[in-house]
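Structure, please.
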Amino acid sequence: MNARVTFPHSCSRRATLLFFALVAALPCHAQTYTVIHQFSNGADGGAPIAGLTVAANDKFYGGASDGGQAGAGTTFQLQLKNSSWILTPLYTFSFNNEGSIGPNSRVLIGSDNSLYGTTYSQGVHGCQNNLGCGLVYKLRPLLSVCRSALCYWTPTVLYTFSGNADGAYPEGDLIFGRSGVMYGTTFGGGNSGCQLGTGDNCGVVYSLTTAGGYTSLYTFQGGSDGSSPVSGVIEDQAGNLYGTTSEGGGQGCSGQGCGTVFELSPNGSGWTEKILYRFQGGTDGAAPMAGLIFDAAGNLYGTTGRGGSGEGGTAFELTPSGGQWTFHLLYSFNGPAQGHDFPGPHASLAMDAAGNLYGTTMWDGANAQGAIFKLTLSGGSYSYTSLHDFTAGIDGAQPRSNVVFDAAGNMYGTASAGGTAEGVAWQIMP
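Sure thing, here's the model as predicted:
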């Protein structure tokens, strides 16, 4: 379905990266929000929790956690053709060892144009009444021209999680490391101290080759080292990995800890964890659901899903100096009037060449249905601009995705709910 609706918004004020390409700054004037696809919860999928991945030819790839022919989600391609946005399902998941309840993470594009991703559950093992603990999959493009209305790519299950030492419930984005292996995280599983076999706590950081060779790099213990990473990791030029855990790190936040920012460094025989920051659950925020990004100077930027002075989460910066990292609060989001556990950002920020930050919030905004925001850097501080406040109507609601840019500086993302059925893909043009 290719229904479209446009919402103009002003830039009214409220209150690259080492390994990510910097994009041109969006000027602060009228923005045009456009729905480029309404998910029907049919063959195209529904509930596009994960955001979009931009290919070199301005094709977009993504995943939906619901819908498809078996109701277990899809992976799709979205492309502008003859002034219309066309969504093409590339694969539909089923409730068996192919995975389901996913994908919750973005797809990763390989050098051979194959797509790599994860499903949150299913597989062939236990976890939650034997529903499965999730898996990593690969989709290969067709070798011949498709001559029918629907031609799925060729799937391969690279790895199936057991819920034990290898982890369970992979939810964060995968990345390709400098060595060519993929890095990822699982939300649960890991060891007997974290309910072995159920995958309810702790989690792991792992590497995986494109042939499916799995290695556990670090197992979270659920104490001061953190637990339950929702997001993936990023890598610096020295091969160190950086990420967040949504819980653990201390005794606050109902005794579960308020989350951490961590670094993993290879030591020759394994990996060593260093905690860069432990959240306190106060004005600094709590429960970092999103991952991190670098700026050109090597500073880290991230968000928390709740806490802060507005109880809607925070945006923060960590700056390195002399082997230590210093926390800087950049902005506190305002949570909705009604209670939501994690109203703030759930996905990583994006940064433009001027140092401005962009992202989405889950339940924030004028209508408490989420928002697309810009944090403008001026004089060393950040001011908030709403680029779109979701209404839970045909424009969508509850965005959990990141934002991405095309070569022209247009912004794209998804909303997991609302629309005519179950979620939308959207574009904002400057």
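
Provide a list of residues in contact with the residue most central in space within the chain.
Centroid-nearest residue in the chain: residue 347, 4.4 Å away (criterion: Cα atoms, centre = their mean). Residues near residue 347 by Cβ atoms under 8 Å, 6 or more residues apart in numbering: 51, 231, 289, 290, 291, 359, 360, 399, 400, 401, 402, 403. C-beta: built from backbone N, CA, C; applies to glycine.

Most neighbours among these, please name it.
residue 399 (35 neighbours; other Cβ atoms under 10 Å).

How about the closest residue to it other than its chain neighbours: which residues does it bridge to?
Distances taken as Cβ to Cβ, 6 or more residues apart in numbering place residue 360 nearest to residue 399, at 4.0 Å, with adjacent residues excluded. Under the criterion DSSP bridges, residue 360 forms beta bridges with residue 372.

sorry, back to before: could you export the contacts of residue 347 to a markdown table, including columns for distance to residue 95, pLDDT and secondary structure?
Shown next, in a markdown table, are the contacts of residue 347 (distance: Cβ to Cβ, whole Å; pLDDT from 0 to 100; DSSP: H, G, I helix; E, B strand; the rest coil):
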| residue | distance to residue 95 | pLDDT | secondary structure |
| --- | --- | --- | --- |
| 51 | 24 | 93 | coil |
| 231 | 26 | 96 | coil |
| 289 | 26 | 95 | coil |
| 290 | 29 | 96 | coil |
| 291 | 29 | 97 | coil |
| 359 | 33 | 98 | strand |
| 360 | 29 | 98 | strand |
| 399 | 26 | 97 | coil |
| 400 | 22 | 94 | coil |
| 401 | 24 | 93 | coil |
| 402 | 27 | 94 | coil |
| 403 | 31 | 97 | coil |
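
Between the two ends of stretch 401-418, how far is it?
Its start and end residues considered, stretch 401-418 measures 14 Å (Cα to Cα, to the nearest Å).

And that stretch, what's buried?
401-405, 410-418 (16 or more other Cβ atoms under 10 Å).

Turn those into TSV, including distance to residue 145 and secondary structure.
Formatted as TSV, these follow (distance: Cβ to Cβ, whole Å; DSSP: H, G, I helix; E, B strand; the rest coil):
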residue	distance to residue 145	secondary structure
401	32	coil
402	33	coil
403	34	coil
404	29	strand
405	31	strand
410	30	coil
411	33	strand
412	28	strand
413	31	strand
414	29	strand
415	34	strand
416	34	coil
417	36	strand
418	36	coil
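
which one of the residues you listed sits closest to residue 74?
residue 414 (12.6 Å; Cβ to Cβ).

Excluding chain neighbours, what is closest to the closest one?
residue 48 (4.0 Å).

before we move on, what about residue 298?
residue 320 (6.2 Å).

Same check on residue 127?
Residue 127 sits nearest to residue 133 (Cβ to Cβ, 6+ apart), 3.9 Å away.

Give me the phi and psi angles of that neighbour.
Phi and psi for residue 133, reported as degrees, to the nearest 10, are phi -110, psi 10.

mind starting the numbering at 40 from now?
In the new numbering, first residue 40, that becomes residue 172.

burial count for it?
Counted with other Cβ under 10 Å, residue 172 comes out at 31.

CSV for the contacts of residue 386, including distance to residue 191?
Output for these, formatted as CSV (distance: Cβ to Cβ, whole Å):
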residue, distance to residue 191
90, 22
270, 29
328, 31
329, 31
330, 30
398, 32
399, 30
438, 27
439, 26
440, 23
441, 26
442, 28
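
between these, which is nearest residue 192?
For those, the nearest to residue 192 is residue 90 (19.8 Å; Cβ to Cβ).

and that closest one, what does it touch?
Residue 90 touches 101, 145, 386, 440, 441, 442, 443, 452, 453, counting by Cβ under 8 Å, 6+ apart.

That one and residue 103: what is the separation?
When distance is defined by Cβ to Cβ, to the nearest Å, residue 90 is 12 Å away from residue 103.

circling back to that earlier point, can you tell me which of the buried residues of stretch 440-457 lies closest to residue 308?
residue 441 (34.6 Å).

Please tell me I have it right and the closest one contacts residue 101.
No - if you go by Cβ atoms under 8 Å, residue 441 and residue 101 don't touch, sitting 10.8 Å apart.

Tell me how far the residue nearest to the centre of the chain lies from residue 212.
Applying Cβ to Cβ to residue 386 and residue 212 gives a distance of 9 Å.

shared neighbours, the two?
270, 330.

Could you list the low-pLDDT ranges of the stretch 190-339 of the chain?
Within the stretch 190-339 of the chain, the segments meeting pLDDT under 70 span 231-240.

now the strands for it?
Taking DSSP state E, counting those that start in this stretch, the strands of the stretch 190-339 of the chain run over residues 193-199, 214-215, 221-225, 243-247, 253-258, 273-274, 280-284, 299-305, 310-317, 332-333, 339-342.

Just send those strands back as CSV, with distance to residue 412 too.
What follows is the strands of the stretch 190-339 of the chain, written out as CSV (distance: least, Cβ to Cβ, whole Å):
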stretch, distance to residue 412
strand 193-199, 35
strand 214-215, 24
strand 221-225, 25
strand 243-247, 29
strand 253-258, 32
strand 273-274, 21
strand 280-284, 19
strand 299-305, 21
strand 310-317, 23
strand 332-333, 15
strand 339-342, 10
